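**Q** have a look; sequence and predicted model below, questions after that.
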Amino acid sequence: AHTIFDLGQHGSRFADIFFERCKDLDFNDHTHSAVLEKDHEHALAGLANTIAAKHDGQPVKMPCVLLVEDDPITQFMVKKSIKDECTLITAPDAEKVFSLYALHQPDIVLLDINLPSLDGYDVLEWIMDNDPGGCVIMFSGKHNMDNIVKSMNCGAKGFIGKPFAKDTIMHYIQNYTA
């Protein structure tokens, strides 16, 4: 099963679990993770209904997702996974995010933490300063407790560890787009 760290919906519960487990953790060992599980089938069924819905005979506007990722393989995998469920815009580095964010006003940003120039947390800070209601999901191969907690503290609504599952991304598209 894949884990979903939905900090927007379960942040306080996540923190409670984390601090409860802190009593037993060696903080020099970052292999432990508190996990919040979500019913993936329910989320996907809800998303399918949302996408299929019509308003006055017209298709519902596809959610806009901005993927900030420097790895071309991960870009390809995300594009392949969600191309039919949303409009996907990609930024290979942090410098392009600012103009793309202003131009497209995405519903969700999938933001890699380790970017070649600016740190993903710097980009997250910029988005939160300029759009406090923005929905940013951190995206990283390093899904240890430090990154998850820092993401939550900086305003991210969620965290997706790499490798990712399509249903994990779809969970956020369903729950954070209107």
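**A** Sure thing, it's come through.

**Q** okay, now the unreliable bits of the chain?
**A** Scanning the chain for pLDDT under 70 picks out 1-60, 178.

**Q** 90 instead?
**A** Counting by pLDDT under 90, the chain contains low-confidence ranges at 1-62, 83-85, 92-96, 116-119, 139-147, 161-165, 173-178.

**Q** can you map out the strands along it?
**A** Secondary structure of the chain by DSSP state E: the strands cover 54-55, 58-59, 64-68, 87-91, 108-112, 136-140, 158-161.

**Q** just the helices in the chain please.
**A** Secondary structure of the chain (DSSP state H): helices at 7-22, 40-52, 72-82, 94-104, 120-130, 145-154, 166-175.

**Q** now the fifth one: buried residues?
**A** Of the residues in helix 120-130, those buried by neighbour count under the rule 16 or more other Cβ atoms under 10 Å are 120, 121, 123, 124, 126, 127. From N, CA and C alone the C-beta is placed, and that goes for glycine too.

**Q** before we move on, the earlier item: adding mean neighbour count and distance to residue 99, write the strands of the chain out as JSON lines.
**A** Below are the strands of the chain laid out as JSON lines (neighbours: other Cβ atoms under 10 Å; distance: least, Cβ to Cβ, whole Å):
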{"stretch": "strand 54-55", "mean neighbour count": "8", "distance to residue 99": "31"}
{"stretch": "strand 58-59", "mean neighbour count": "8", "distance to residue 99": "28"}
{"stretch": "strand 64-68", "mean neighbour count": "23", "distance to residue 99": "11"}
{"stretch": "strand 87-91", "mean neighbour count": "18", "distance to residue 99": "9"}
{"stretch": "strand 108-112", "mean neighbour count": "26", "distance to residue 99": "14"}
{"stretch": "strand 136-140", "mean neighbour count": "25", "distance to residue 99": "17"}
{"stretch": "strand 158-161", "mean neighbour count": "25", "distance to residue 99": "24"}
